[in-house]
Every structure is written in C-alpha cells, then in structure tokens.
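Peer 1: Got a sequence here, can you build the structure:
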Amino acid sequence: MQGKEILTKIQPYIKDNEVLKSDFEKEFGQFTISEQKALIDILSKININIVDFYSQQGNTESGKWFFPSGRDLQKVAAANPAIENFRDNSLSSMTREVCQNSLDAVVDNTKPVTVKFREFDIIAEDLPGYHTLKEDILSAAKHEWLEDKKTQQLINSMENCLNREKIKVLKISDFNTTGLKHGNWESLVEQVGSSFKSDEGSAGSFGIGKAAPFAVSQMWMVFYSTKVGNTKKSIGVMQFVSFEKGDEVTQGPGYFSVDGESKKPFSNEVPFDSEKRTEDGTDIYIIGVPSNWEKGVELSLFENFLVSMTDTQEIPQKLRVYLNDEPIDAKKIKKTYLNKLNAHKQKKDKPNSVSYYEVLHDDNKT
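Peer 2: Numbering: from 1, shown residues only. The predicted model follows:
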C-alpha cells in the first residue's frame, strides 16, 4: 500500500489537524508495521498530530532479539532433546499441553475454560526482528555449523520460512483463566527443566511440555502475551542453536525483548496482532505452522479431552474449544474420528475416550 492510499484511507478520521487513535483503531488493524511507519511519516509532513500511535501499536524497532552468551559455554546444535521429544506428534502434543495448562489455570469452576485456535497470516517482514534474524542470526549460525547436516537443514527451513511473502501464525487464546502470574511466567519463559503448579491437583505445569509448541513451529519460535489484572506483558522466544557472538558463544535460546540485552518483556501485546485482550488470560503465537494443523488439533482433542468437552447433567462441560471461530463439540470430533477408524477398519480398537463418552451419553444407564 502506497502513502497516498494510506492517507486516503484515514482521511475521514482527521479533524482539526488531529487524528484520535480511538477513531480509527479498527481501521489500523489492517495495516502492516511497514505501512504504520509510512503513515507516521505522511502525517508528520502535513502537520497532523497523532497520539504516539506507533508505540501503542507495538513498535518492533523498540525491541531486539537477545541471545544470552558467555565464554566457554557448551554449544547447542539442532538435536534439541526437549523439542525432539515432541517432533513425531507435535500437533497432538502441543494441543494436549496447551489445553491442560489452560484447564489448570481456571478462575471460575462453574464455567468452562474456553480455548480458541485461530490461524492468520503476517507479512514476513513484520515478524519482530525480521532483518536481524535473516541477515545476522541465521547467517552466523549457518557458518558455525557447516559440518552439521541436521543443523544446516534446520537453518535452511527457517530461511525458507522468512523468504515467503507471508508467514502463517497459529494463535491460541484462553479465557476464564488467571493469565500467567509471576511464577508461571518465569517457569514458562525464563527457566529450563522447572515446573510451577498453582495447586497440587494441576496436571500441566510448564515443565518439559512447554517445548511442544516450538516443535510445531518452522521457526522454533513462539510469542507469549498475557493479561493479569491491569498488567499486560509479552515476549518472543526462539529455541535456537549456538553461534559465535564476538569472543563469546550463545547458549541457544533467544528472546525478543524490550532492550535486546535481557529477558525484559514488553508491557503490551505483540505488535503483529491488532486484536486486543480485554480479560485475563494468555495468548500463544506459534510462528510458521503447517497448513494441516486443524486435523492434528482435532485428533488430540478427541484423544485427550473428549470427556472434558462433553456437557451432561452428571458432568458439566469443563472445556470449550473453537477452531478458527467455529465451535468444536465432543459429538463432532467423536463422529469425525470414528469415521476415520471405520475407514481403516480399526473400530474394534476403539480408544478408551470413546467408551467414556458413550457411557456418559447412555440413555439406559441407571
């Protein structure tokens, strides 16, 4: 979109040489970050005042990728054991871990937790730190691991993702949840091998399972955004390989943070999503997801949460799920999966989850 087109688009909102953010917030959701920059340049040239629009929308220039480094560190290649643990069934594992953690963070037990899976595309260059990743980080890592075939394959895959015009993002949002409080945030973002449970009955705890979303991402990259009360924060995390940085070597993971020198999170939402969160909860953005992700998510919901998604008088519904704004209920995924079993003549090996579901819906039970 050219500058004149942008100006034409926002012209109705200009009054007395001012543009109020609230007047065109919905309109700006359609702008890419590069277009936002052009907008600011245009407005400044014609003396139109705007209320710190760019910083409020999430200026990626104010953040940088930070890859912790040091001397004499053990180098990390592409054979990441945490991620490899989930590679064979990455979508199923990711769905199980994410939904379970959401269930463990429930606020009101009389209402179901809602988890929404939504796919959208972003312009590749609007990925935070795009040029640094493409021109510096991947290049340095590629040079570091010239003799490691698996690491070269990983980096080539990441380069292919960045070279596309658009990158597919999977956003996973939960509602009727607490959001990531301090202990949860530290365990999820800043620590390795640790877990944090809100109570002893929690099945999910951000232990090794927190690596599952990275196994789904072609970039091994996830952005986290959360709201707890009046506090919002977000950060990007990339599980990567080691590379030389001056006379030091990085330890692997990188963080898209406020200052590029620490893991300090932003105090707002991610810059590439115009949708704003109004209630407590967490948003997870998986960068570079496969096109067939819905099938893997449905299968995992069936195998792990069929009973939780069922709503009966005896057992009220605990989990409500949406895939791209379409509600997914227990009956639907049961039918879909049984059709798949029938197609492969495997109905005799019906999973326990189907049996549980049928017992709950048996009209003849006493």
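
Peer 1: Show me the shaky parts of the stretch 251-366 of the chain.
Peer 2: 333-334, 336-366 (pLDDT under 70).

Peer 1: Mind jotting down where the helices sit in it?
Peer 2: Remark: helices assigned in the stretch 251-366 of the chain by DSSP state H, counting those that start in this stretch are 293-305, 330-343, 352-360.

Peer 1: Could you check how far E248 is from P68?
Peer 2: Distance of E248 to P68, computed by CB to CB, to the nearest Å: 9 Å. Using the backbone N, CA and C atoms, a C-beta is placed for each residue, glycine as well.

Peer 1: mind listing what the closest residue to V321 other than its chain neighbours touches?
Peer 2: Leaving aside its sequence neighbours, V321 sits nearest to I328 (CB to CB, 6 or more residues apart in numbering; 4.7 Å). By CB atoms under 8 Å, 6 or more residues apart in numbering, the contact list for I328 reads E298, L301, M309, V321, Y322.

Peer 1: give me the number of residues near the last one?
Peer 2: Looking back up the chat, that one is Y322. Y322: 14 surrounding residues under other CB atoms under 10 Å.

Peer 1: Please name the bridge partners of it.
Peer 2: Taking DSSP bridges, one obtains K116, P327 as the residues bridged to Y322.

Peer 1: Number the chain from 34, please
Peer 2: All right, first residue 34 from here; so that's Y355.

Peer 1: Am I right that it is in contact with E152?
Peer 2: No - in this structure, Y355 is not within contact of E152 by CB atoms under 8 Å, at 11.8 Å.

Peer 1: Compute the distance between the nearest residue to G269 once chain neighbours are set aside and P360, please.
Peer 2: Excluding its sequence neighbours, the residue lying closest to G269 (CB to CB, 6+ apart) is F289, at 3.1 Å. F289 sits 33 Å away from P360, going by CB to CB.

Peer 1: same thing with G262?
Peer 2: G262 sits 29 Å away from P360, going by CB to CB.

Peer 1: next one: E281
Peer 2: For E281 relative to P360 (CB to CB), the value is 50 Å.

Peer 1: Mind jotting down where the helices sit in the stretch 34-183 of the chain?
Peer 2: Under DSSP H, counting those that start in this stretch, the stretch 34-183 of the chain gives helices at 36-43, 54-61, 66-78, 86-90, 114-117, 123-137, 163-165, 171-177, 182-196.

Peer 1: between those helices, which gets the lowest average pLDDT?
Peer 2: Of all those, the minimum mean pLDDT falls on helix 86-90 (a mean of 40).

Peer 1: how about the strands of the stretch 134-283 of the chain, start to end?
Peer 2: Here the stretch 134-283 of the chain has its strands, by DSSP state E, counting those that start in this stretch, at 146-156, 199-208, 254-261, 264-271, 277-278, 281-283.

Peer 1: which one of these is the most hemmed in?
Peer 2: strand 254-261 (a mean of 24; mean count of other CB atoms under 10 Å).

Peer 1: Around F276, count how many other residues there are.
Peer 2: 23.

Peer 1: same question but for A111, I mixed them up
Peer 2: 21.

Peer 1: Next: W218.
Peer 2: Neighbour tally, W218, other CB under 10 Å: 21.

Peer 1: isn't it right next to K266, touching?
Peer 2: Yes - between W218 and K266 there is a contact under CB under 8 Å: 7.5 Å.

Peer 1: what is in contact with the two at once?
Peer 2: T259, P298.

Peer 1: and R353, what does it touch?
Peer 2: P145, V146, T147, V148, M342, P360.

Peer 1: ok now do the fifth one, which residues does it touch?
Peer 2: Under the criterion of CB under 8 Å, 6+ apart, the neighbours of M342 are L334, Q350, K351, L352, R353, V354, I361, D362, A363, I366.

Peer 1: what's around the second one, how many residues?
Peer 2: The number of residues packed near Q350 is 16, by other CB under 10 Å.

Peer 1: Just to check, it is in contact with V340?
Peer 2: No - Q350 sits out of contact with V340 when judged by CB under 8 Å, with a separation of 9.8 Å.
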